[in-house]
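Q: generate coordinates for the sequence data below:
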Amino acid sequence: MGYSVDNTIVRVDFFRPGGKWYESVAVKWTGGYDNVDMKEAFIKSLKDTLHGRLSGMTAVCLEPCHRYSHPIMLINWDNRLEQD
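A: Okay, here's the model as predicted:
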């Protein structure tokens with residue numbers, strides 16, 4: 001179920017490092033639907049949409065556009081692939 005008429009648009013909420021909600025953003029899920037790691041797909045979608053904006057924040061998506069969808073949260077999302 002998408003956030004809009006386009007099922008590949010998902011709602012992502014961003015929180016400051018202290019935990020306070022900052023804003024919600026509609027993100028196009030570009031990371032793939034099937035046979036891909038959901039975390040990597042989420043990071044790719046965020047990078048493709050935000051281009052570095054909202055870096056250092058926690059990103060939460062309750063309904064990702066993924067075959068095995070479940071809520072996902074990434075702390076400091078823009079540096080996750082480099083750390084893992």
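Q: only C-alpha atoms for contact and neighbour calcs from this point on.
A: Will do.
Q: which SS class is Lys47?
A: Three-state assignment for Lys47 (DSSP: H, G, I helix; E, B strand; the rest coil): helix.
Q: tell me who's in contact with it.
A: Residues near Lys47 by Cα atoms under 8 Å, 6 or more residues apart in numbering: Asp78.
Q: distance of it from Arg53?
A: For Lys47, the distance to Arg53 equals 9 Å [Cα to Cα, to the nearest Å].
Q: also Gly19?
A: Noted for Gly19: a distance of 18 Å to Arg53, by Cα to Cα.
Q: kindly report the same for Val25.
A: Distance, Val25 to Arg53, using Cα to Cα: 11 Å.
Q: so for these two, which sits in the more crowded spot?
A: Neighbour count, other Cα atoms under 10 Å: between Val25 and Arg53, Val25 has more, with 16 against 11.
Q: partner residues bridging the nearest residue to Leu54 once chain neighbours are set aside?
A: Spatially, and ignoring its direct neighbours in sequence, Leu54 is nearest to Phe14 (7.7 Å; Cα to Cα, 6 or more residues apart in numbering). Taking DSSP bridges as the rule, Phe14 bridges to Glu23, Ala59.
Q: tally of neighbours for Phe14?
A: 25.
Q: isn't it right up against Met57?
A: Yes. Counting by Cα atoms under 8 Å, Phe14 touches Met57, with 6.3 Å between them.
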